[in-house]
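# I need the structure of the sequence given here:
(one chain, ligands or ions: 1)
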Amino acid sequence: MQDTSVVEKQKQELQAKMRIVGERYGWVQSGRPLTVTLTKTLSSYACERRIRHLLENADFKESQRFDPYYRQKSEFATIKILEQIKTRVTANGLDAVILTEAPSDFGRYDVVVTQGYPCKVYANSEERIRIEVKASLGLDLEQLERYLWDPSPLILARVITRHVAKIEPLKLQSYVLFSLRELNAKAERLLSSKFYTIPGTTCTTCHDNSCPHNRSKSRNPVNVLTMPDSEFAEDLKSFFLNLSYVAEKTASLVVEELESVMPSQNHGIHSPSTIVG
Ligand code: SF4
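Okay, here's the model as predicted:
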């Protein structure tokens, strides 16, 4: 297993580079560089010329409009999973509070679940576990890779496929280090303007019109990506058939993790007054 301090050093180096990139290209909001958005942009494309073009056109959002159904389904599934976690944590005698933002004061609560992307569960003031809910088909591996950079376990809940898995980044440190080192090298190339132009299939969606490899067709930004009728009914059916199982399995993993660090105070139903929504 890799030394976590080596990983931490690479992470800090990447964050520092992203701050420099953010300030150089004006990717700043409320006085702070958009390091997460910048890191996502950096890691999403092999062609570094395309990344630079995006950086130089900060106002331009290279995104397609998705049917809000996808987001709403994910938010709904997250609420159901949180409900199950509250019920199970209470039944196992652990005081709990659900916050919508990162906690600054834990008060008397033993367990704090913060809503967000991903949800986070704290126990004894330490981040114990994160939960990422995927309500639709597909899995953003670029996002998952970034989540591996933090050491706490990540529960990945995929509702449509009934997959619930606990991923332990500390067991994947060699990959984490590889991933961070490559992104640091890529950021360094962009900062020194010695970057690679890599034509490929993605040239059909690129907005760098001055590039000789560009093969993008006329764009219609109002296109909304959605699923055909034939898939919609099946998608909804799978979603509701699988959601209770995924919520129960996710809550079981959370309780298991919490009980490994903090013994239950009592067994049986705990006073609901300790739950704050
Ligand atoms: S058109 Fe292709 S090669 Fe040119 S910048 Fe875009 S992705 Fe890179």
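# In stretch 229-241, which residues are buried?
Residues of stretch 229-241 classed as buried by neighbour count (16 or more other C-beta atoms under 10 Å): D235, F239. Just so you know, the C-beta spots here come from the backbone N, C-alpha and C atoms, and that holds for glycine as well.
# Can I get it in CSV, CA atoms only?
Output of stretch 229-241 as CSV, limited to C-alpha atoms (Å, rounded to 0.1, in the frame of the first residue of the first chain):
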residue,chain,number,x,y,z
ASP,A,229,-40.6,6.3,-25.3
SER,A,230,-39.7,2.6,-25.5
GLU,A,231,-37.2,3.0,-22.6
PHE,A,232,-39.1,5.3,-20.4
ALA,A,233,-41.6,2.9,-18.9
GLU,A,234,-39.0,0.2,-18.4
ASP,A,235,-36.7,2.8,-16.7
LEU,A,236,-39.4,3.9,-14.3
LYS,A,237,-40.4,0.3,-13.5
SER,A,238,-36.8,-0.7,-12.7
PHE,A,239,-36.3,2.4,-10.6
PHE,A,240,-39.2,1.7,-8.3
LEU,A,241,-38.6,-2.0,-8.2
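# I'd guessed R128 sits against V255; true?
No - at 11.1 Å, R128 does not count as touching V255 under the criterion of C-beta atoms under 8 Å.
# And the strands in the stretch 151-277 of the chain?
All strands of the stretch 151-277 of the chain, identified by DSSP state E, counting those that start in this stretch, fall at 154-158, 163-167, 224-225.
# Can you point out the buried residues in stretch 250-262?
Across stretch 250-262, burial judged by 16+ other C-beta under 10 Å covers T250, A251, L253, V254, V255, E257, L258.
# ditto for stretch 18-38
Within stretch 18-38, the residues that count as buried by 16+ other C-beta under 10 Å are M18, R19, V21, G22, Y25, W27, P33, L34, T35, L38.
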